[in-house]
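Asks: next one to model:
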Amino acid sequence: MIMDNARPMPSDETRLKQCPCCGRWITLGDFLTNSEVEPIGMSIDPEDATLNYYYFNHECAGCGTTFLVDVMAFRTCIEEPIPQNILTGTADCAGHCTHIEDLAVCRNECRYAPFRRFLLRMREKPGNRRTHRAARR
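Replies: Numbers count the residues shown, from 1 in each chain. Here you go, the predicted model:
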């Protein structure tokens, strides 16, 4: 079964997160295009959906903090079907989403695989310093 993720796309100016260090509001557009907001990884907790996060570095002058955002805040940005099944923690899962430093592509039909692929696309934006860092697996 596929989850319905056909909700209206928020505006690029939709505020998603206030930086916990410098206080600047970061918009959806910043997450998608601003090289000062650098995605570094994700971590999924298969037993608690409230603990599923993308991790970002805020690389603007005077800041440099790392912060996290719930992966579901980006649900409307996912351009592919989101499966119902959660494979994280099962024998069919390579565990990519449970290790923030693991940047390998996941091809499983798992609820979190589309979010992982979206993270990897966000990392490809121009100006990201870690974009071409080799994946662990």
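
Asks: quick one: contacts of the lengthiest helix in the chain?
Replies: Criterion DSSP state H: the longest helix present in the chain is helix 113-122. Here helix 113-122 makes contact (Cβ atoms under 8 Å, 6 or more residues apart in numbering) with 31-32, 39, 41-42, 52, 54, 71, 74, 77-78, 80-83, 96-97, 103, 105-107. All C-beta atoms are positioned from the backbone trio N, CA, C, and that covers glycine.

Asks: ok, of those residues, which come out buried?
Replies: Neighbour-count burial (16 or more other Cβ atoms under 10 Å) applied to the contacts of helix 113-122 gives 31-32, 39, 41-42, 52, 54, 71, 74, 77-78, 82-83, 96-97, 103, 106.

Asks: tell me which of those fall in helices.
Replies: With helices taken from DSSP H, the overlap with the buried ones among the contacts of helix 113-122 comprises 31-32.

Asks: narrow the buried ones among the contacts of helix 113-122 to those in strands?
Replies: Of those, the ones assigned to strands by DSSP state E are 39, 41-42, 54, 82-83.

Asks: quick one: His96 from Gly29, how far?
Replies: 27 Å (Cβ to Cβ, to the nearest Å).
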